[in-house]
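In: Give the three-dimensional model of this entry:
(2 chains)
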Amino acid sequence: MPKIIKDGQVVDDSWVIINKDFSGDLPMAKVLLPMQYWLDNKDSLNLMCAGIWIDSDEDVDTIGLEANQFPLIAVNFPTFVDGRGFSIARLLKERYEFTGQLRAIGSAIRDQLFYLKRCGFDSFDLKEGIDLESAAASLNDFSVTYQTSADQPEPLFRRG
Amino acid sequence: MYVYNENDQKIIEERVAQFRGQTERYLAGELAEDEFLPLRLQNGLYIQRLAPMLRIAVPYGLLNSKQLRKLARIARTYDKGYCHITTRQNIQFNWPQLEEVPDILAELAEVQMHAVQTSGNCIRNTTTDQFAGVAQDELEDPRPWCEIIRQWSTFHPEFAFLPRKFKIAVCGTQGDRAAIQVHDIGLQIVRNDDGEIGFKVIVGGGLGRTPVIGSVIREFLPKEHLLTYLDAILRVYNRHGNRANKYKARIKILVRAWKPDVFAHEVEAEWDYIKETPASLTNEEINRVKSFFTAPDYQPIDDDNAEKELKKLSGEHLAFSKWLQRNITAHRVPGYAAVTLSLKPTGVAPGDITDQQLDAVADLADQYSLGEVRTTHNQNLVLADVKKSELFELWQKAKTGGFATPNIGTLTDMICCPGGDFCSLANAKSIPVAEALQRKFDDMDYVYDLGDLSLNISGCMNACGHHHVGNIGVLGVDKKGEEFYQIQLGGSADSDATLGKVLGPSFGREEMPEVIEKILNVYVENRKGDELFLDTYRRIGITPFKETVYAKDH
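Out: The predicted structure follows:
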């Protein structure tokens, strides 16, 4: 079974990412649907075993407050230098108060884990071939932070 | 000057450890080249033409003597004995070994310095007026605000992978010495009708291949909202900036495409969500940071007496009087002056300084200027708090050190990027052009007669040498593998910020001194009274310059 980093641990994971160009019947599995697929099929879908994934160029405001009907939302990083996913995550967590699992998928790299975690991601599906055990150490590259973020409602200067 | 507390120190030390790990993984082949690239850039490390280049952050240009001595040591130990002051007030080392960079960063951390976010597509070092805190025309000292921005922008988790680099400048004066209109965000400290201090917010200025003067998107931002408003601007940019084409990725392109009022509307809408959150500043925090920039213990000095004495010495020493004229700036405290040490003597690359000179400046700072020095975006150094009674002594020592060239603000005080001698982006060399011009115009009387005149040289359209805003701008271009230079006239980086206009077809390097001479002749022949170059240009336009420079020889 594929492995991911979740809540700081390397764990098995069974979510199946459905591509944007998918057609036909959905597999019998926990599926991560493309955001547009969900929008198009909202009324007929049984969301019990579905999450969605949003691409970096898609508008997170379209999900908005509906976010909380999903147990998991994934944000795609088509390349690791495409930083839109950081804003998408913070908006989901802080503006739309999403409480489910928030996952980074695609091309995010180990050296971004600390920032990703700060923006609200709690699980990370990194590229194959990465030593996840040692990568997970990068979640804690820093022990002090200046700013507010999804993981820290107060800036350093208010924490006293 | 701001002094790190335990938290600030810890963050910088953890960065050193993080980068050491990344470097080790890269050298061991565990971190791919393309993945290491943005990581090292965000630590100021470029791979250049000849060797790596390491850019050290000098937050808003402020250094103490201990830091200068550390930089001298690094230049000696890890480099070839010199470094370079950049147009963003930072310091560059041109010859470090990649393997040794973590050690250099560890040494810097010992003196509260780092290379964080000095490159890459993130929020860069915030810059300001080199005379901040001592300027006579200042509404409020911008440095506490720069430090507040520094802390907010350091490892900001949301904005480390922006569409493109992002530069912020702050000024506290009406006359702008921080070029705030050509920054991604320019902040001007202003007072509103109720007497409250806040910021005028300018967005979308910039040089580079598409030079733009920024647009005001908010006339008055109350000071406690500074950080949330910056968050709002950055978030709109991070979400909507162009990521497909790096040449269209700066915020200026987005502001232009949307129009400034639409951009402002989007920012305000975003800000509405976040302005009343704990991220807004507290008076306590503002005062805490301000407490590091309180006025030092100035001594009461009889200014008239000091002036009288200077006048006497000037009469006896012509060179000293020239230096006083060009290299001294008025100070807000009577009896004191700000001194600019010139890093533009003929024959040295503009902005370069040796390890011995760094040590010498540290000594001068300790002896004459409260132990502090500022770097300037014109690539010089400033001793900001010198007693007028000690100027003569300081001048003699500065002469020995090689930085008393009395040319500040003149033709030979050129801004010049490292260019093709070092930089792998450059289309052409810039240092040899600067040197040829300095040699051509070595008659100081002629240079003084020309008066205030900025000549800025960039080796490519990325415009590190700010050529667009030089009264005379020189841009290196590549034509089928050969180096040519295009000239622009009429630029200004002051509060009347203006982009220069292209004069015409470009020239070969060896033609440059003669061409610049022709341009200067047009000015001298046409000026009225003590009119400056820029004013003459604005009055007579580009045509007379064009006609003279491109006239067919008979």
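In: In the stretch 101-250 of chain B, mark out all the strands, start to finish.
Out: B:127-128, B:168-171, B:185-191, B:197-203, B:215-222 (DSSP state E, counting those that start in this stretch).
In: wait, which of these is closest to B:Tyr298?
Out: strand B:127-128 (21.1 Å; CB to CB). No exception for glycine: its C-beta is placed from N, CA and C like everyone else's.
In: Just checking: what are the partner strands of the closest one?
Out: Strand pairing for strand B:127-128, determined by DSSP bridges: strand B:168-171 (parallel).
In: Contacts for the strand it pairs with, please.
Out: Applying CB atoms under 8 Å, 6 or more residues apart in numbering or on different chains, the external contacts of strand B:168-171 come out as B:60, B:123-124, B:126-129, B:142, B:145-146, B:149, B:153, B:177-180, B:183-189, B:230.
In: give me the number of residues near the residue in chain A that chain B sits nearest to?
Out: Of all residues in chain A, the one sitting closest to chain B is A:Gly83 (2.8 Å; CB to the nearest CB). Residues within reach of A:Gly83, counting by other CB atoms under 10 Å in any protein chain shown, total 26.
In: if I pick the closest residue to it other than its chain neighbours, what's in contact with it?
Out: Excluding the flanking residues, the one nearest A:Gly83 by CB to CB, 6 or more residues apart in numbering or on different chains is B:Phe161, at 2.8 Å. For B:Phe161, the contact set (CB under 8 Å, 6+ apart) comprises A:Phe80, A:Val81, A:Asp82, A:Gly83, A:Phe86, A:Gln112, B:Pro38, B:Asn121, B:Cys122.
In: Please point out which parts of stretch B:7-18 sit buried.
Out: When neighbours are counted by 16 or more other CB atoms under 10 Å in any protein chain shown, the buried residues of stretch B:7-18 are found to be B:Asn7, B:Asp8, B:Ile11, B:Ile12, B:Glu13, B:Glu14, B:Arg15, B:Val16, B:Gln18.
In: among those, which are within reach of chain A?
Out: Applying CB under 8 Å from any CB of the partner chain to these, one finds that B:Asn7, B:Ile11, B:Glu14, B:Arg15, B:Gln18 fall near chain A.
In: name the element the fourth one belongs to?
Out: Here B:Arg15 is covered by helix B:6-27, with elements defined by DSSP states H and E.
In: could you give the mean pLDDT of that helix?
Out: Averaged across helix B:6-27, pLDDT comes to 96.
In: which helices and strands does the next helix or strand after it pack with?
Out: Once helix B:6-27 ends, the next helix or strand along the chain (criterion: DSSP H and E) is helix B:33-41. Other elements packing on helix B:33-41 under the criterion 3 or more CB pairs under 8 Å, 6 or more residues apart in numbering or on different chains; DSSP states H and E are helix B:6-27.
In: CA atoms only for the helix it packs on, dumped as CSV, please.
Out: C-alpha atoms of helix B:6-27 as CSV (Å, rounded to 0.1, in the frame of the first residue of the first chain):
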residue,chain,number,x,y,z
GLU,B,6,16.4,34.6,22.1
ASN,B,7,13.7,33.9,19.5
ASP,B,8,15.3,35.9,16.7
GLN,B,9,18.6,34.1,17.4
LYS,B,10,17.0,30.7,17.5
ILE,B,11,15.3,31.2,14.1
ILE,B,12,18.6,32.2,12.4
GLU,B,13,20.5,29.3,14.0
GLU,B,14,17.8,26.8,12.9
ARG,B,15,18.1,28.2,9.4
VAL,B,16,21.8,27.5,9.4
ALA,B,17,21.1,23.9,10.5
GLN,B,18,18.4,23.5,7.8
PHE,B,19,20.7,24.8,5.1
ARG,B,20,23.6,22.7,6.2
GLY,B,21,21.3,19.7,5.9
GLN,B,22,20.1,20.7,2.4
THR,B,23,23.7,21.4,1.2
GLU,B,24,24.8,18.0,2.5
ARG,B,25,21.9,16.2,0.8
TYR,B,26,22.7,18.1,-2.4
LEU,B,27,26.4,17.2,-2.3
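In: neighbouring contacts of it?
Out: A:111, A:138, A:141-146, A:156, B:4, B:31, B:33, B:36, B:39-40, B:43, B:98-99, B:101-102, B:105-106, B:109, B:112, B:114, B:116, B:151, B:154-155.
In: one step back: would you mind finding the most buried of the strands of the stretch 101-250 of chain B?
Out: strand B:127-128 (a mean of 29; mean count of other CB atoms under 10 Å in any protein chain shown).
In: Tell me how far the residue in the stretch 151-300 of chain B positioned nearest to chain A lies from A:Gly120.
Out: Residue nearest to chain A within the stretch 151-300 of chain B: B:Phe161 (2.8 Å; CB to the nearest CB). According to CB to CB, to the nearest Å, B:Phe161 stands 16 Å off from A:Gly120.
In: again, but for B:Thr277
Out: From B:Thr277 across to A:Gly120, the span is 15 Å (CB to CB).
In: ends of stretch B:386-406, how far apart?
Out: End-to-end distance for stretch B:386-406: 17 Å, by CA to CA, to the nearest Å.
In: tell me which residues of that stretch are tucked away?
Out: By 16+ other CB under 10 Å, the buried positions in stretch B:386-406 come out as B:386-392, B:394-395, B:398, B:401-406.
In: Which one of these is nearest to B:Gln325?
Out: Taking the buried residues of stretch B:386-406 together and measuring to B:Gln325 by CB to CB, the closest member is B:Pro406, at 7.1 Å.
In: what kind of secondary structure is that closest one in?
Out: Under DSSP: H, G, I helix; E, B strand; the rest coil, B:Pro406 falls in the coil class.
In: Please look at it and B:Ser342 and confirm they touch.
Out: Yes: counting by CB atoms under 8 Å, B:Pro406 does reach B:Ser342; the two are 7.4 Å apart.
In: Between the two, which contacts overlap?
Out: The contact lists of B:Pro406 and B:Ser342 share B:Asn327, where a contact means CB under 8 Å, 6+ apart.
In: give me every residue that touches A:Phe80.
Out: Applying CB under 8 Å, 6+ apart to A:Phe80 gives the contacts A:Ser107, A:Ala108, A:Ile109, A:Gln112, B:Glu35, B:Phe161.
In: Out of the buried residues of stretch B:386-406, which sit inside strands?
Out: Among the buried residues of stretch B:386-406, the ones falling in strands (DSSP state E) are B:Val386, B:Lys387.
In: Show me which of the buried residues of stretch B:386-406 is closest to chain A.
Out: Closest to chain A, out of all of the buried residues of stretch B:386-406 and judged by CB to the nearest CB, is B:Val386, at 34.3 Å.
In: For stretch B:505-522, give me every contacting residue.
Out: B:411, B:428-429, B:432-433, B:436-437, B:439-441, B:450, B:455, B:472, B:474, B:477, B:479, B:482-487, B:489, B:503, B:533, B:544-545, B:548-550.
In: what about that stretch, distance to the chain center?
Out: Offset of stretch B:505-522 from its chain centre (CA atoms, centre = their mean, to the nearest Å): 26 Å.
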